[in-house]
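Enquirer: take this sequence and fold it.
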Amino acid sequence: MSQPSNASTGTAPSFGASTVADYLGELAAKVPAPGGGAVAALHAAQGAALIAMVARYTTRAKDAEHKPVIDRVIEAADACRARALALVDADAAAFTAVGAAYKLPKESEGRAEAITEALIGAARVPSAVVDEADEILSLAAELLPIGNPNVVTDIGAAADAARAAATSSRLNIEINVASLDAVHGDEFAPALMRVEALAARADALHADVLHAVRSS
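Expert: Take a look at the predicted model:
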């Protein structure tokens, strides 16, 4: 994201108002956004949606003892999905801000500061996606032992989506941080350091789900 195209995104509608076909068409087009950052956020939104779906299927009479946990998981997953969906739009806006900063005349006062501010904003979006991936994996781990076994594979799919969200976000953080000085870049070190652990947690959840499927 630190080397934006000269193309302009214009004023795009919210991703949430787009059809899947429209979104994929924009993703495939020669335009600056949506791109990998939007894809990462959408991975998180889909992971959260899958967790909410499994939890809603875990509301049978036999699941009554787990109702407080299930209700909390549904609420948390729905909130996570909404935040992640908003980050799809936030990524496009951040990319646009980076492009605008780089287009400022090189001799203009404050250009360097504008670029730095835009890059920081652009790195904060994928950092927030990492947070959502963490939340999804925590909810998945909590849901797996009590979730409806008929939809257990969707917990694995949610974990995989969260993994993709985190690792893709790492790429987008890195490319923005590469253009920042160490003082500003240090803000993002904790998010970057968490990604490997998140990927390991996702892999472990996937393995647990696979074991549950093969043992059934």
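Enquirer: the helices in the chain, which residues?
Expert: Remark: helices assigned in the chain by DSSP state H are 20-28, 36-56, 67-103, 111-143, 152-177, 182-185, 189-215.
Enquirer: and of the ones you listed, who's closest to S14?
Expert: When the helices of the chain are compared by Cβ to Cβ, helix 67-103 sits nearest S14, at 5.4 Å. C-betas here are computed from N, CA, C, even on glycine.
Enquirer: poorly predicted segments of the protein, please.
Expert: For the chain, the stretches with pLDDT under 70 are 1-13.
Enquirer: any chance of the helices of the chain in JSON lines, with mean neighbour count and distance to S14 too?
Expert: Output for those, formatted as JSON lines (neighbours: other Cβ atoms under 10 Å; distance: least, Cβ to Cβ, whole Å):
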{"stretch": "helix 20-28", "mean neighbour count": "12", "distance to S14": "11"}
{"stretch": "helix 36-56", "mean neighbour count": "25", "distance to S14": "12"}
{"stretch": "helix 67-103", "mean neighbour count": "19", "distance to S14": "5"}
{"stretch": "helix 111-143", "mean neighbour count": "22", "distance to S14": "15"}
{"stretch": "helix 152-177", "mean neighbour count": "24", "distance to S14": "19"}
{"stretch": "helix 182-185", "mean neighbour count": "13", "distance to S14": "29"}
{"stretch": "helix 189-215", "mean neighbour count": "16", "distance to S14": "25"}
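Enquirer: quick one: contacts for the most centrally placed residue in the chain?
Expert: Averaging the C-alpha coordinates of the chain gives a centre point, and the residue nearest to it by Cα atoms, centre = their mean is A41 (3.0 Å). By Cβ atoms under 8 Å, 6 or more residues apart in numbering, the contact list for A41 reads A84, L85, L87, V88, A90, D91, V125, V129, E132, A165.
Enquirer: what two of those have the greatest distance between them?
Expert: Spanning the widest gap among those are A90 and A165, at 14.0 Å by Cβ to Cβ.
Enquirer: was I right to think A94 contacts P126?
Expert: No: in this structure, A94 is not within contact of P126 by Cβ atoms under 8 Å, at 9.1 Å.
Enquirer: which residues are common contacts for these two?
Expert: Common neighbours of A94 and P126 (Cβ under 8 Å, 6+ apart) are G37.
Enquirer: who's in contact with the residue nearest to the residue nearest to the centre of the chain when sequence neighbours are not counted?
Expert: If the residues on either side of it in the chain are set aside, A41 comes closest to L87, at 3.9 Å by Cβ to Cβ, 6 or more residues apart in numbering. Neighbouring residues of L87 by Cβ under 8 Å, 6+ apart: A41, A44, V125, A128, V129, E132.
Enquirer: so what's N150 closest to, chain neighbours aside?
Expert: Ranked by Cβ to Cβ, 6+ apart and with sequence neighbours excluded, the top spatial neighbour of N150 is Y57, at 7.0 Å.
Enquirer: and that neighbour, how many residues sit next to it?
Expert: Neighbours of Y57 under the rule other Cβ atoms under 10 Å: 16.
Enquirer: distance of it relative to A40?
Expert: The gap separating Y57 from A40 is 27 Å, by Cβ to Cβ, to the nearest Å.
Enquirer: from P149, how far out is L87?
Expert: 32 Å.
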